[in-house]
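Engineer: Take this sequence and fold it.
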Amino acid sequence: MDNKMAKAKKITAALTAALLCTASLTSCSDTSYVMTAGDSKINAGIYIYNELTEMSYQMTMMYYQNGIKKDYFDQKVDGKAFDEYLSDYALTATKEYAAVVDKFNELGLTLSDEDIKSINDSISSTWDSQGEFYESEGISKESVKLALKGSKMREELFDHYYAEGGEEAVSDDEMVKYLDDNYLRYKSISFAKTKASTDSSSSATDSSTDSADAANEEAKAKRDEFLEKAQGVSFDDFDSIIDEYNDYVASKKASDSSSATDSNSSASDSSTASDDTSSVAESDTSSTASDDTSSVSDSTADSSTVASDTDSSTDSSSSAPDPYANEKMMNYGTMDDSQKDTTNGKILKEVSGMSTDVATAYEDDNAYYILIKGDVKGRDTEYAKDNHEDLLKEMKSDEFQKKLTSWVEKLDIKVNNKAIKRYTPKVVYDKQTEYYSKNNNS
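Structural biologist: Down below sits the predicted model:
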């Protein structure tokens, strides 16, 4: 009897161990969640959503900044291989999501009915057009809803600390001081430089170089002409110089357009000349017309760009003209070295060293400029009021990020590495490619 009892106990123990082992394996192989935060499981779909969103953004930037249309995973972002960057980004973003939800609930905050309706409406619209794609990536509607709610909770937490009535609210005086300490106020007009056209070997031809030099001399002379008119003109009154400049740009654009039409007409007349015209003459005439038209086209494009750079548009929805339409308020004080090394950063550096109400000549590889500096204090209070939310984020985003990082560190987060290994950036990208290839061909 004792032997039978002992044998039964062994069988029971073996079965229990087997069941525990099976349960353990099932749990460990579950990739429906990407991490646990305390007692909560975070859907893998949220991680994939973060990965996919950032991937799309970075690929768009690669195209617009460097013309890259393929071989994305051969590129680097922030010094990291693209796939490594995306994995790190998605993991950090998902941890932050978990920390935001945890802190939001801890503080007893709630989303308004209006916020929930806005999120639901956004999801419904997205799912009508992209639902099938998201599901092909393993992202459920619920995961997208949770991700969007997390984003809204993050905004509400920021306001909880820094908005009016918040725990660490920023006063009007603090915001005005921030503007005075960091911002520059200026107006400008510019005359674009012409670059020499290149041949098939990407080398500038002698004729195009001479033509570009002549055009640039003309642009510089015109800049100097306007600079002479601007001497002794105050920052406020510089608007009259900008008005005259805009009239000049419009007139030049109309003249160039007329010249282009005449050139095209001449080319057409030459091509229908009598049969006695030699083939050499036809070739020369066609080439000359083409070159002239190209030059005019470049000039027109440059003038259009210059006009938009003046930022002279007014708000058409308002009956009163915008008194600040021609000026810029820019944050130079918090720029890092890489930002200061950009075209715009170098312009701001020039402005920072200027005296107010003194029109000054400036030049870079793109254009000849006239810059005039205004007094930020003449507009700081009004600007702070009109741009309160943007300035608040600018002032406190880094501080809020430090809070968020500390919440992540305090939260008991356990990463499900099997899910991370399953939902790699390359897998997400390949599924996207497969989906659109299949649907574009159907």
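
Engineer: Buried residues, stretch 222-238. List them.
Structural biologist: With burial defined by 16 or more other C-beta atoms under 10 Å, the residues of stretch 222-238 counted as buried are 223, 226-227, 230, 233, 235, 238. (Glycine included, C-beta is placed from N, CA and C.)

Engineer: now do the same end-to-end measure for that stretch.
Structural biologist: In stretch 222-238, first residue to last residue: 17 Å (C-alpha to C-alpha, to the nearest Å).

Engineer: mean confidence for it?
Structural biologist: What stretch 222-238 shows for mean pLDDT is 97.

Engineer: still on that earlier bit, from the buried residues of stretch 222-238, which two are the most distant?
Structural biologist: The span of the buried residues of stretch 222-238, defined through C-beta to C-beta, is set by 223 and 235 at 18.6 Å.

Engineer: Give the residue spans of this protein that score low on pLDDT.
Structural biologist: Applying pLDDT under 70 to the chain flags residues 1-28, 198-206, 259-318, 442.

Engineer: element containing the closest residue to residue 140 other than its chain neighbours?
Structural biologist: Nearest non-adjacent residue to residue 140, counting by C-beta to C-beta, 6 or more residues apart in numbering: residue 45, 5.1 Å away. According to DSSP states H and E, residue 45 maps onto helix 44-66.

Engineer: if we can go back for a sec, relative to residue 137, how far out is the residue nearest to residue 140?
Structural biologist: Per C-beta to C-beta, to the nearest Å, residue 45 is found 8 Å from residue 137.

Engineer: higher neighbour count, those two?
Structural biologist: Between residue 45 and residue 137, residue 45 has the larger neighbour count (other C-beta atoms under 10 Å), namely 24 against 17.

Engineer: I figured the more buried one was touching residue 145, is that so?
Structural biologist: No - counting by C-beta atoms under 8 Å, residue 45 stays clear of residue 145, with 10.0 Å between them.

Engineer: one step back: ok, the buried residues of stretch 222-238 vs residue 153, which is closest?
Structural biologist: Residue 153 lies nearest to residue 235 out of the buried residues of stretch 222-238, by C-beta to C-beta, at 43.8 Å.

Engineer: give me phi/psi at that closest one?
Structural biologist: Main-chain dihedrals, residue 235, degrees, to the nearest 10: phi -60, psi -50.

Engineer: In space, what's closest to residue 150 - neighbours in sequence excluded?
Structural biologist: Once flanking residues are discounted, residue 150 sits nearest to residue 97: 4.4 Å by C-beta to C-beta, 6+ apart.

Engineer: residues contacting the one you found?
Structural biologist: Taking C-beta atoms under 8 Å, 6 or more residues apart in numbering, we find residue 97 in contact with 42, 46, 50, 146-147, 150.

Engineer: ok, how many other residues are close to residue 357?
Structural biologist: When neighbours are defined as other C-beta under 10 Å, residue 357 has 16 of them.

Engineer: measure it to residue 332 for me?
Structural biologist: Residue 357 is 19 Å from residue 332, where distance means C-beta to C-beta.

Engineer: Likewise for residue 415?
Structural biologist: Residue 415 sits 41 Å away from residue 332, going by C-beta to C-beta.

Engineer: same question, residue 214
Structural biologist: Residue 214 is 35 Å from residue 332, by C-beta to C-beta.

Engineer: now do residue 381
Structural biologist: For residue 381, the distance to residue 332 (C-beta to C-beta) stands at 20 Å.

Engineer: the more surrounded of the two?
Structural biologist: Legend: neighbour count by other C-beta under 10 Å for residue 381 and residue 332, higher for residue 332 (17 against 14).

Engineer: Touching, the more buried one and residue 183? I think so.
Structural biologist: Yes - if you go by C-beta under 8 Å, residue 332 and residue 183 touch, sitting 7.1 Å apart.

Engineer: Show me what the stretch of helix or strand residue 372 belongs to is packed against.
Structural biologist: Using DSSP H and E, residue 372 sits within strand 367-374. With contacts defined as 3 or more C-beta pairs under 8 Å, 6 or more residues apart in numbering; DSSP states H and E, strand 367-374 has these neighbours: strand 183-192, helix 206-230, helix 343-352, strand 360-363.

Engineer: What lies in contact with the second one?
Structural biologist: Residues from elsewhere that reach helix 206-230 (C-beta under 8 Å, 6+ apart): 189, 191-198, 204, 238, 241, 244-245, 248, 295, 299, 359, 361, 363, 367-370, 372.

Engineer: again, but for the shortest one
Structural biologist: Taking contacts as C-beta under 8 Å, 6+ apart, the residues outside strand 360-363 that touch it are 220, 223-224, 227, 347, 350, 354, 368-373.

Engineer: quick one, strands of the stretch 301-442 of the chain?
Structural biologist: Ranges of strands within the stretch 301-442 of the chain are 327-331, 360-363, 367-374, 413-415, based on DSSP state E, counting those that start in this stretch.

Engineer: Check which residues of the third one are buried.
Structural biologist: Of the residues in strand 367-374, those scored as buried under the neighbour-count criterion (16+ other C-beta under 10 Å) are 367-374.

Engineer: report the angle between the axes of that strand and helix 206-230?
Structural biologist: Relative orientation of strand 367-374 versus helix 206-230 (axes from the mean of the first three to the mean of the last three C-alpha atoms, to 10 degrees): 20 degrees.

Engineer: got the buried residues for the helix or strand harbouring residue 97?
Structural biologist: Residue 97 is part of helix 82-106, with elements assigned from DSSP H and E. Buried residues in helix 82-106, counting neighbours by 16+ other C-beta under 10 Å, are found at 82-83, 85-87, 89-91, 93-104.

Engineer: now stretch 412-420
Structural biologist: Using 16+ other C-beta under 10 Å as the test for burial, stretch 412-420 gives 413, 416, 419-420.

Engineer: How about stretch 52-68?
Structural biologist: Neighbour-count burial for stretch 52-68 flags 52, 54-55, 58-59, 62 (criterion: 16+ other C-beta under 10 Å).

Engineer: count of residues packed around residue 247?
Structural biologist: Residue 247 is flanked by 10 other residues according to other C-beta under 10 Å.

Engineer: Contacts only, for residue 187.
Structural biologist: 235, 238-239, 242, 326-328, 371-372, 374.

Engineer: do that again at 10 Å, thanks
Structural biologist: By C-beta atoms under 10 Å, 6 or more residues apart in numbering, the contact set of residue 187 is 235-236, 238-239, 241-242, 310-312, 324, 326-328, 351, 359, 370-374.

Engineer: my guess is residue 134 contacts residue 128, does it?
Structural biologist: No - the criterion here is C-beta atoms under 10 Å, and residue 134 misses it with residue 128 at 11.6 Å.
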